[in-house]
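>>> Sequence and predicted model, in that order:
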Amino acid sequence: MPFPLMFSKRVRSIELSGIRKIFDMAQGDVINLGLGEPDFQPPPRVMDAVYEGVKRGYNKYGPSKGFPELRRLIAEKYKDYGDFTKDNVLVTVGATEGFIATLLSFVDKGDEVLYPDPGFVLYKPHTMIAGGKPVAYPIYQENEFVPKQDDLLERITSKTKAIIVNYPNNPTGGVLSDEHIKMIVDIAEDNDLLIISDEVYFNLLYDSPPKTFLGKYDKLVFINSFSKEFAMTGWRLGYIIAPEEYVEQIGKIHYYTVACPQSPIEYAAIVALKETPDYINYMREKFQKRRNLMYSLLKNIKGVHPNLPKGAFYMFPKIDVENVVEVVKETVKRGVLCTPGEAFGENGKEHIRFSYAASEKNIKRGMEIFAEVMEKFT
Ligand SMILES: Cc1ncc(COP(=O)(O)O)c(C=O)c1O
């Protein structure tokens, strides 16, 4: 780097993930089991609605917190979990913007934020960008990727400000029971912590209705998104639900970073909530079949220990091989994209993440190739 001092300490302290480099090793046609998004398109009616919005003139800046109608519909969607109004809702540019705006609104220099390891890639850098100190708490396959009470308690200090939770979980597919939610809420309550709950897979559970922090704790920022539920990751629309004063404060950072959400996409999101609210059921049915298929195939591969995930669309098996990254590189070289567990934190290093947001044909072929690779390494 020719002029390292030009760049802020902030930007120099964060690194881009190395996954790209591994994916670049793939040649020709690939089987993509590395995807972090549904392999479906948004509902056709909702795709049409984007253009409809554009034609109707939704091409200008909109209200910074989102269209009141959209905020109202989002509040209504969660009416079973609490008395929310549009004033509890901030529409964001994906869950991603909701996260950074939340952390910038709550975290001061040196404040500690607990986050899961393995966990989604945003939590650590976002905490650092906000000037906070990320403190990883482990989640283990033996414990179905649910944090242990002591592992959380041991990490809480007088500087701990917030705990980030993410269920259904990426990368593990873990989900929480009501008892687990209570355990975490009790810890937060006793220690006066904010809970930031990343629930972008809110209604992607296979064996039960959603298990959510929403309505279970006052100091909560609930983060969700249209990305997964309506297969519109590229449209970048998300939202937070939180107490009104949180929405006001987080709304300031949001205003000064993005001005407002994308008007024609908000228009389409209104149509999505009104006309295709059950789209996720269609995808869930497909994902469930693919989950069962991938699980049954993985379980028969030597040296691979999957557990049956109860949510999201990922498998995160433990692998009996010293160097898991080498296994991933070889698998990718043979045309099957997957992600080394260490991309999600130190505690993920004995694992590989496979996404089953892929066709059954690709899952079958992908697992055959992976089995050949494992044969070589074990
Ligand atoms: C756990 C988790 N949180 C947040 C996001 C980002 O969501 P969005 O597209 O709404 O920014 C993802 C995307 O993969 C995710 O898996």
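Nice, I can see it. Numbering: from 1, shown residues only.
>>> what's near enough to touch N59?
N59 makes contact with 263-264, according to C-beta atoms under 8 Å, 6 or more residues apart in numbering. The way it works is simple: take the backbone N, C-alpha and C, and place the C-beta from them, glycine included.
>>> now it: how far from the ligand?
According to C-beta to the nearest ligand atom, to the nearest Å, N59 stands 23 Å off from the ligand.
>>> how about the nearest residue to I129 once chain neighbours are set aside, what does it touch?
In this structure, I129 finds its nearest non-sequential neighbour in R10, 6.1 Å apart by C-beta to C-beta, 6 or more residues apart in numbering. By C-beta under 8 Å, 6+ apart, the residues touching R10 are 128-129, 131.
>>> Same question for I100.
Counted by C-beta under 8 Å, 6+ apart, I100 has contacts 122, 126, 129-130, 253, 257.
>>> again with V135
So V135 contacts 112-115, 155, 160 (C-beta under 8 Å, 6+ apart).
>>> Please identify which of those is nearest to F313.
Among the contacts of V135, Y115 lies closest to F313 (C-beta to C-beta), at 21.5 Å.
>>> now stretch 315-332: mean pLDDT?
For stretch 315-332, mean pLDDT is 96.
>>> Name the residues of that stretch that are buried.
Judged by neighbour count using 16 or more other C-beta atoms under 10 Å, the buried positions of stretch 315-332 are 315-319, 321, 324-325, 327-332.
>>> Could you export those as CSV, including distance to the ligand and secondary structure?
Shown next, in CSV, are the buried residues of stretch 315-332 (distance: C-beta to the nearest ligand atom, whole Å; DSSP: H, G, I helix; E, B strand; the rest coil):
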residue, distance to the ligand, secondary structure
M315, 14, strand
F316, 13, coil
P317, 18, coil
K318, 21, strand
I319, 22, strand
V321, 26, coil
V324, 21, helix
V325, 21, helix
V327, 23, helix
V328, 19, helix
K329, 23, helix
E330, 25, helix
T331, 21, helix
V332, 19, helix
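>>> what bits of this structure have low per-residue confidence?
1-4 (pLDDT under 70).
>>> If we look just around the ligand, which residues of it are in range?
36, 94-96, 120, 166, 170, 198, 200, 225, 227, 233, 238 (C-beta under 6 Å from any ligand atom).
>>> List the contacts of the residue lying closest to I187 once chain neighbours are set aside.
Excluding the flanking residues, the one nearest I187 by C-beta to C-beta, 6+ apart is L152, at 5.5 Å. Contacts for L152 (C-beta under 8 Å, 6+ apart) come out as 114, 137, 163, 184, 187.
>>> hmm, try it at 7 Å
114, 137, 187 (C-beta atoms under 7 Å, 6 or more residues apart in numbering).
>>> Next: A26.
332, 335, 337.
>>> Same question for S158.
S158 neighbours (C-beta under 7 Å, 6+ apart): none.
>>> State the number of residues packed around the residue of the stretch 1-150 of the chain at minimum distance from the ligand.
Among all residues of the stretch 1-150 of the chain, G94 sits closest to the ligand, at 2.7 Å; criterion: C-beta to the nearest ligand atom. A total of 21 residues lie near G94 under the criterion other C-beta atoms under 10 Å.
>>> How about the host helix or strand of E245, which residues are buried there?
Taking DSSP states H and E as the criterion, E245 maps to helix 244-258. For helix 244-258, a neighbour-count test (16+ other C-beta under 10 Å) marks 246-247, 249-251, 253-254 as buried.
>>> Surely I164 is within a helix?
No. Using DSSP: H, G, I helix; E, B strand; the rest coil, the assignment for I164 is strand, not a helix.
>>> Is it correct that it is in contact with V113?
Yes. The pair I164 / V113 is scored as a contact, 6.4 Å apart, by C-beta atoms under 7 Å.
>>> what's near enough to touch the nearest residue to V247 once chain neighbours are set aside?
Using C-beta to C-beta, 6+ apart and skipping the chain neighbours, the partner closest in space to V247 is L90 (4.9 Å). Residues in contact with L90, defined by C-beta under 7 Å, 6+ apart, are 65-66, 239-240, 247, 250-251, 254.
>>> cool, V93 as well?
Per C-beta under 7 Å, 6+ apart, neighbours of V93: 236, 258, 261.
>>> please redo it, this time with the cut-off set to 10 Å
100-101, 225, 235-238, 254, 257-262, 265 (C-beta atoms under 10 Å, 6 or more residues apart in numbering).
>>> Which of those fall within helices?
For the contacts of V93, the ones inside helices are 100-101, 254, 257-258, 265, with DSSP state H as the criterion.
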